[in-house]
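1. Sequence below, structure please.
(chains A and B)
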Amino acid sequence: MSTKILTVDDSRTIRMIIQKAFRLHDCTLCQAGNGEEGLIVAGREKPDLIILDITMPVMDGMTMLTKLKENADLKDIPVIMLTAESGRDNVLKISQIGVQDYLVKPFKEDQLVEKVSRIISLQLKAPAASAA
Amino acid sequence: MPQAVNYQELARRYGLEPVPESVLRLTQIVSRQDADLEEVARLISKDAALTKRLLRAANPTAKTAADYDIETVDEALMRSGLTCALMLAMGTPLAQALVKTFHTMLGLKLESVDRFGDFVLEGQHLLGTISFFGRAAGLVYLRLSPASAAEVAARILGLEPKQIIDSNEINDAVGELLNIVTGNFKSNLCDAGLDCRLDPPRVTQTSDFSTPKLPGGSLERMIFRAGQVVLFVDVRVNPWNE
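-> Next up is the predicted model:
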């Protein structure tokens, strides 16, 4: 079964970049545009890892992360924050709620892939599948 | 019970970059209630890039440095006061965030343009606006021609400009770049003691070039270029009240 990654970001551009970053890997990417949607998709899909933005409409990433950690079924899913907010207060607060890693935008695709592969096992697609 | 965490340790673990020292010092001095112009002048005079920007902002109508009426840092600060120094303190992290974002996400090496007359933006263009408020308040306007905006959107999505036919894709890409620049800008200001909040960036099509300046406020214009992509940036800082 392929690895499942959930991206929660209100920017379609960032969701497309993340999709591109993992195009060579055997993983399924699911998406959500805000924290509220993110919790629903996380509950339904039980992803192996979540890539989470902070500033989003409806429900921000900090609130989603807090709710995720309060949910017995979802609290152990590793989270990487992917955000332009690198201020001291945010980093401290988020680290205390509990994240596996933190990547500051702007970022390179290979930085993200490297951080993800340190947490979950990523396999490359079979050559025929990646050429398709 | 979560363990007590140390920011430096987290910054190392996550690979976060600190605020540049010169920017940190200027912002910290300016943000103090008892900041005095002499101290600010000493700091700016030691930094050639800050001096150049201050004199350019103090002589807005001059075409070249030879046309400057105001020629020294002291004179520029006497005329424009702390608001102008605040604008310099804010312009630096903004410019750094722009350059870094375009380099990392688009592979474009933006260079600051000195001769403004060589670059003119006319007619319909894309305008991204960021407003900030708190200990510092003002607006940032970022303008791009439609061709520059299409190239920027194509690069960030890994496409050819002709593959981008949807204006929503262009607006979303430019909006996200602005979001990233803004987030970095805000983080640097807050870490340096100038706590402020930002409204989400707005991206619109317009042919309006006005950047209103308030009495006692400061306005700095910057132009950046990488190949055919040209960015016109105006930073307006409202009068400093403290």
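2. check contacts around the residue of chain A found nearest chain B.
-> Per C-beta to the nearest C-beta, A:Ala84 is where chain A lies closest to chain B, at 2.4 Å. Where you see a C-beta, it was placed from the backbone N, CA and C, and this is true even at glycine. By C-beta atoms under 8 Å, 6 or more residues apart in numbering or on different chains, the contact set of A:Ala84 is A:55, A:104-106, B:179-184, B:187.
3. helices or strands up against the helix or strand containing B:Arg79?
-> When elements are assigned from DSSP states H and E, B:Arg79 belongs to helix B:73-106. Under the contact criterion of 3 or more C-beta pairs under 8 Å, 6 or more residues apart in numbering or on different chains; DSSP states H and E, helix B:73-106 touches helix B:21-31, helix B:37-45, helix B:48-58, strand B:138-144, helix B:146-157, helix B:167-191, strand B:218-226, strand B:229-237.
4. For the first one, which residues meet the burial criterion?
-> Yep, that's helix B:21-31 we're talking about. B:22-31 (16 or more other C-beta atoms under 10 Å in any protein chain shown).
5. So which of the helices and strands packed on helix B:73-106 is nearest A:Gln123?
-> helix B:146-157 (25.6 Å; C-beta to C-beta).
6. just to revisit the earlier point, find the nearest non-adjacent residue to the residue of chain A closest to chain B, please.
-> Nearest non-adjacent residue to A:Ala84, counting by C-beta to C-beta, 6 or more residues apart in numbering or on different chains: B:Gly183, 2.4 Å away.
7. if I look at the one you found, how far off is B:Arg202?
-> 15 Å (C-beta to C-beta, to the nearest Å).
8. partners of the residue nearest to the spatial centre of chain A in the sheet?
-> Central residue of chain A (C-alpha atoms, centre = their mean): A:Ile51, 1.0 Å from the mean position. For A:Ile51, the beta-bridge partners are A:Thr7, A:Ile80 (DSSP bridges).
9. residue contacts, it?
-> Taking C-beta under 8 Å, 6+ apart as the test, what A:Ile51 contacts is A:5-9, A:18, A:79-80, A:82, A:112, A:116.
10. In contact with the spatially closest residue to B:Asn238 that is not a sequence neighbour, which residues?
-> Leaving out its chain neighbours, the residue that sits closest to B:Asn238 by C-beta to C-beta, 6+ apart is B:Ala137, at 4.4 Å. Contacts of B:Ala137 were listed using C-beta under 8 Å, 6+ apart, and they are B:196, B:237-238.
11. Which of the residues you listed ranks first by neighbour count?
-> B:Val237 (26 neighbours; other C-beta atoms under 10 Å in any protein chain shown).
12. Isn't the residue nearest to A:Ala84 up against A:Asp53?
-> No: B:Gly183 is beyond contact range of A:Asp53, at 9.9 Å (criterion: C-beta atoms under 8 Å).
13. Find residues that contact each of these two.
-> What both B:Gly183 and A:Asp53 touch, as defined by C-beta under 8 Å, 6+ apart, is the set A:Thr83.
14. got the buried residues for stretch A:79-99?
-> Those would be A:79-88, A:90-91, A:94-95, A:99, for stretch A:79-99 by 16+ other C-beta under 10 Å.
15. do stretch A:43-52 as well
-> Under the neighbour-count rule (16+ other C-beta under 10 Å), stretch A:43-52 has A:47-52 buried.
16. ok so, going back, which of the buried residues of helix B:21-31 sits closest to chain A?
-> B:Leu24 (12.1 Å).
17. what about residue 63, how many residues close to it?
-> Reading this off chain A. 17.
18. should've been chain B
-> A count of nearby residues for B:Lys63, using other C-beta under 10 Å, gives 10.
19. Tell me the spacing between it and chain A.
-> 34 Å (C-beta to the nearest C-beta, to the nearest Å).
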